[in-house]
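Peer 1: Got a predicted structure here, sequence first:
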Amino acid sequence: MAGIELYMIRHGLAGEPGSYPNDDERPLTEEGIRKTKRIAKRLYDLDLRFDLILTSPLARARQTADILQSAKLALRLEESKYLAPGGDLNAWLSWLQLWRQSGGDCLAMVGHEPDLSEWAEQLVWGGIRHRLVLKKAGIIGLTLPDEGSAIGQSQLFWLTPPRFLLD
C-alpha cells in the first residue's frame, strides 16, 4: 500500500471570535468566502484532487470544505468530531487506519489552529515544537508512511500560506 498524501487545510477568514453567541457557528466572512474560492480554483488548476475531504463540524470549517468540494476537488465530504478544536490525534489516526483499508490515498482535512500545526509537528517530528504556522486558508502537505505509526515518521512536502495561491 502506498503512503497517504495528507493535506491539512485551515478554514478561511471567519468572523471575529466572541462576535457570535456560539463560536461553533461563527461563519466565514465575505472576504473569506471569496479568497477560499480563489484558492480552491488554484488547487483545481494545479490538478490537485482528494479521495475525501474530512472537515471539522464547526461552521467556518464546513463552509471551507463545501467550497473545496464545489470546486470539484473531491466527490466525497465527511464531518469528523476529531477535527473540532481540541480533537484527539490518536483517535483520528485510528480512523485513518480504517480509511486506508478502503483504498484512499489522498486526503484533505479542514480544521483549526493550533491543532493542525501541532498535529503536523507530531506527525513529522514526534512532538510539538511550535515551529509550523498555518495561516487561514493555508495548507500543510504531509506524506504518511506506508506502514507503522505515522507519529514522527511523516514527511513535510508542502507549507503554503494563502497568498501564494491567490492570483
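Peer 2: Arrived safely, thanks for sending. Bear in mind the structure is a predicted one, so any value in this text is a computation, not a measurement. Residues are numbered from 1 along each chain as shown.
Peer 1: so what's the residue of the chain most remote from its centre scoring on pLDDT?
Peer 2: Going by Cα atoms, centre = their mean, the residue of the chain most distant from its centre is P21, 25.4 Å out. With respect to pLDDT, P21 has a value of 88.
Peer 1: so it, which of the three states?
Peer 2: The three-state label given to P21 by DSSP: H, G, I helix; E, B strand; the rest coil is coil.
Peer 1: how close does A65 get to Y7?
Peer 2: In this view, A65 and Y7 are 12 Å apart by Cβ to Cβ, to the nearest Å. Every residue, glycine included, has its C-beta placed from N, CA and C.
Peer 1: Check L43 too.
Peer 2: 9 Å.
Peer 1: ok, and for the helix ranked longest in the chain, which residues are buried?
Peer 2: When the chain is scanned for its longest helix (criterion: DSSP state H), the result is helix 30-45. For helix 30-45, the neighbour count (16 or more other Cβ atoms under 10 Å) marks G32, I33, K35, T36, R38, I39, A40, K41, R42, L43 as buried.
Peer 1: In CSV, list the C-alpha atoms belonging to the next helix or strand after it.
Peer 2: Moving toward the C-terminus from helix 30-45, the next helix or strand (DSSP states H and E) is strand 52-55. Output in CSV follows, covering the C-alpha atoms of strand 52-55 (Å, rounded to 0.1, in the frame of the first residue of the first chain):
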residue,chain,number,x,y,z
LEU,A,52,-12.1,12.6,0.6
ILE,A,53,-12.4,16.0,2.3
LEU,A,54,-12.8,15.5,6.1
THR,A,55,-13.9,18.5,8.0
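Peer 1: Other residues contacting strand 52-55?
Peer 2: 61-62, 64-65, 68-69, 73-74, 76-80, 83, 99, 104, 107-111 (Cβ atoms under 8 Å, 6 or more residues apart in numbering).
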